[in-house]
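Q: here is my input; please provide its structure:
(chains A and B)
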Amino acid sequence: MKQFLLSIIPSLLAIAIAGCSATPPPSPSTVAPKTLADEFMEMASELRNAGGFAVVGIAKSRSMALALNKAKADGRVKLADLLAKQTSDAQENVSNSFHDLAPKKVQHQTSNGIFTVYALMELNPANEPEAHSTTQDIPSL
Amino acid sequence: MKQRIPMFFIGLLLFAPALLAQTFSRNAIESALEDELFPLVEEQVWNTLSVRQTAEETANLTLLLIRALLGQERFDEAEILADESMHLPGQDAFIYWKARALFAAGKFKPVFQTLETLPKTSDYTPAALRLEGRTAIAIQDPKRTEKAFALFEDRFPEHEEAAQNLFDLADTQLASGRVRFAAKTMHELLKRFPDTVLADSVRLLLARELIAGNGKKEKKEAAGLLEQLGTDETAHARLRIAAWVELAALEQRKDRSDIAADALLNAENLTDQAALRARQKTARANLLLDDGKTKEAMPLFDEAIQAAPDDPLAADILLQKAEALLKIKQFDAAEKAFQSYLNVTQNPDGEIRALFGKGWSLWEQQRYEEAATAFENSASKDSDADRRITAWVKAGDARLAAKQAGIAAENYHHVSENNPEHSLAARALYQYSIALLAADKTQEAQHTFEKTEEQYPASDFAARAAIQRAEHLKQEKEWALALDEYRRIANQYTNATTQATAIHQQGLILFGFDRFDEALEKFHLVSKTYPESHVAPQATYMHGFCRYLQGDIETALEICRNFISTYPDSLWTPEVHFWLGEHAYNQGNYTQAQATFLDILARFPQNELADDALFWAGHSLLKQDSFLEAFTLYGRLAKEYPESELLLNTRFAQGEALSQLGEFSRAILAYEEAIKTDSDHPLADRARGRLGDCLFTLGTTETTRYQEALEAYQALYKRPNTPFALKLQSLYKIARCEEKMELPEKAFAHYIETVYMATNHNAPLSPDATLWFTRAALEAATQQEHKSQWQEAINIYQRIIEAGVPAKDEAAKRIKKIKTLPPQS
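A: Predicted coordinates:
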């Protein structure tokens, strides 16, 4: 266990640093409107900076339900990838541990009848029990 | 930060049981799919897709997901998922499943468009062809359907769905009316897949088509298929039952009700459902009835009623039993069964059927008024147009038969007014006219007969209506108009019955005009051209009668004899026989006459000429001096036909026969009977006279009888309506009695009164009167001669001469003789 912890700490730090550097404060003269994708990326980044594991699952579909499910699946796969990278464990093993994980936040946008769903997936022990409450932004199907 | 990381992993481990779930193997998901646990499949697929998968595996999982969505009838999602998964390996699978999703969503045209994008060599081609066929069925495009299934059959004859495809192909061909092709396809299926469940279905389907084809060979094959299916213990019971039922129907159509009943029994033995069994039993009962096995059939009905699991079914079978009883003409039992049904049923349609059947049962029992009520009830409630109209017409018929012409007219009017296009409308209008006629509404009746002819010129009732109108003219003695009308009918209507009737009626009218030549021509035409018509016998008879009246006796007799051999049982045959008997009698051929009359009696004892024949047979015997036999026949007439109009004549004739036998006392009784029968009839007066004669004859042995004879003659003489000749005779016989009673003066006075009565008579004397005048005059003159009152005698003889009667020469001779006598004589 000690070895495991030692092995992931540098990675986590690296992510935190990278996360910080990836979001420089925008210059007032060149401010462009933030896209939903940007917002979710920022949220994930912030969460990661705060020491958590967070990714954004993204999916597109003409079906809202499909887009949502795909986004969640995508998020879980990405989260597993992230965790696997940190733990050097097989992606499948990690993923099996949280495929029921609910998104922290979900939002979508529509263009030409295509739904694009963003699902913020976070693996944070402090937040786990509230995971299911994040779907409130999804309109009822 | 150092604190958080270990805490996270600790937390991860803590929550692991809650989060822990496995990805699922494709086999496990497929099993769930087979079990139709679609929501579970969906969840499992998404869970599995939450782990990075190879593209191939993702494709496979996505296909399972599509099927799970279809299973939950989320067709749009399935279609979108398939459509959006085309980038995955195995694109043809997604094309196919997209098409399936579109099909399931009822979006048929896009199905074809989607399937067109499927690569020709795809593994999904067989399934795609099947789907194309099913989609073409859905849009009712039989050509495309058949094309798809035929292509499948051509390219994939060994495919696991080949049998089903053949079945669907046959079904499509049947739906397009391509029965021969369908039969060929079904035969192909039976040849290649004889032991499949589909083959069992095809046996039934093919048999039905072969039966419908109506060929003898086809029916034989159908019977074979049905029997094979029925006896195949591996086949589904439902199919086997259907096979036996079809076979029963087939055999029934061949009038082999016994075999049909056996087939139904087989069906019954395979049937678990009590209701179905009861129905099969009922059908079997009906078959046995058709086979004339009433005794076996009726208990089956009762068994079926008892076995019926509910009251409505039992009532329905009771109704069928009632209808069966009606069919086998057990009208009383049928009526009771219909009534029993009516007492329990709540079923409006059944109630109408029962009322209708009850109407027929009563009608057949000639209970017309009750029948009419039942028909009227049925008609007023029935929504089935044909049955309702039939009921109204039958209600009319029943009312008419019950002599309720007014109500009958209303019933017929219902139909003629409200359903003028119905096949019974012409009949209804015609019957309406008949009812009006019966209700003495002659003018209205004539009007509606005319309307019948105008409105339904092609109907049989048009001609009948025309004949009714002509008949009316005849009854009104508008002979010329009637003749013209019958001529018009004969020219206008080609129907044999109408032609025969119209020509025959022309003959009868012409006969009435004494235009025998023309009448003869008409009668001859009818008897030659329409020998089967109902008027042909009378026409033939009238033909003979015309010949007779024309004096061509031999031809007339020849026609009559031919008539008897051609129409031995016709209505006119007794009359023709009678005419032949009469002819023989008039010719003095009494033996022949007697035989002919007795033949009429033997063959037509209930005919209205039977008493006549007996009477004239008696007369023929009288003419042969067979008085006792004649008397016996007269006695038979009086006994067997007590209401006969010939009773008076018979009693009189009995008196005559007994007189001839010297049985005067019995003759007196016969004459008394005659007088009692109709005391004011002229023949009764003759009987009175003959009674006096009998008493007079009895006077020879018992002189007191002369007084009784005298009184009888006096009574006759005094009757105000006694004919003149009979009065003369009575007076003469009064004188004869007085002579026998030794009262010569009185006798002479009455003889001479007879003479004066005759000579003072204003009219010429009839032969009878001449006879009694002559006898009285000769008696009176003779008496004068006996008293040597020569001049008085001559005077009386002179009366005879003056009267110019046949005895005048005798009178002259006697005068001459008196004048030659010496004066002292």
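Q: CA atoms for contacts and neighbours, from now on please.
A: Noted.
Q: for chain A, give me its nearest residue in chain B.
A: B:S50 (4.2 Å; Cα to the nearest Cα).
Q: angles on the backbone of that residue, please.
A: Taking degrees, to the nearest 10, you get phi -80, psi 0 for the backbone angles of B:S50.
Q: same question, A:N112
A: phi 50, psi 40.
Q: distance of it from B:A398?
A: 80 Å (Cα to Cα, to the nearest Å).
Q: more neighbours: those two, which one.
A: B:A398 (29 against 6; other Cα atoms under 10 Å in any protein chain shown).
Q: quick one: what helix or strand has the more buried one in it?
A: Element membership for B:A398 (DSSP states H and E) is helix B:385-401.
Q: which other residues reach that helix?
A: Taking contacts as Cα atoms under 8 Å, 6 or more residues apart in numbering or on different chains, the residues outside helix B:385-401 that touch it are B:356, B:363, B:368-369, B:371-376, B:378-380, B:382, B:405, B:407-412, B:414-415, B:424, B:428, B:431, B:435.
Q: wait, the residue of chain B closest to chain A sits on A:A71?
A: No - using Cα atoms under 8 Å, B:S50 makes no contact with A:A71, being 9.6 Å away.
Q: low pLDDT regions in chain A?
A: Chain A contains residues with pLDDT under 70 at A:1-32, A:88-100, A:124-141.
Q: if we use 90, what do you get?
A: Within chain A, the set of residues satisfying pLDDT under 90 comprises A:1-35, A:47-53, A:79-104, A:122-141.
Q: could you pick out the longest helix of it?
A: Counting residues, the longest helix in chain A under DSSP state H turns out to be helix A:64-87.
Q: chain B too?
A: Chain B, longest helix under DSSP H: helix B:767-786.
Q: against which helices or strands is it packed?
A: helix B:724-740, helix B:744-759, helix B:790-803 (3 or more Cα pairs under 8 Å, 6 or more residues apart in numbering or on different chains; DSSP states H and E).
Q: which of these is buried the deepest?
A: Across those, the average number of neighbours (mean count of other Cα atoms under 10 Å in any protein chain shown) peaks for helix B:724-740, which reaches a mean of 24.
Q: need the residues that contact that one.
A: For helix B:724-740, using Cα under 8 Å, 6+ apart, the contacting residues are B:686, B:689, B:696, B:706-707, B:709-710, B:713-714, B:716-717, B:744, B:746-751, B:753-754, B:757-758, B:766, B:768-769, B:772-773, B:775-776.
Q: likewise stretch B:562-573?
A: B:537-538, B:540-541, B:576-577.
Q: try 6 Å this time
A: Contacting residues not belonging to stretch B:562-573 are not present [Cα atoms under 6 Å, 6 or more residues apart in numbering or on different chains].
Q: ditto for stretch B:123-138
A: B:144-145, B:148-149.
Q: could I get the average pLDDT for that stretch?
A: Averaging pLDDT along stretch B:123-138 yields 96.
Q: chain center to it: distance?
A: 58 Å (Cα atoms, centre = their mean, to the nearest Å).
Q: now do the buried residues in it.
A: B:124-137 (16 or more other Cα atoms under 10 Å in any protein chain shown).
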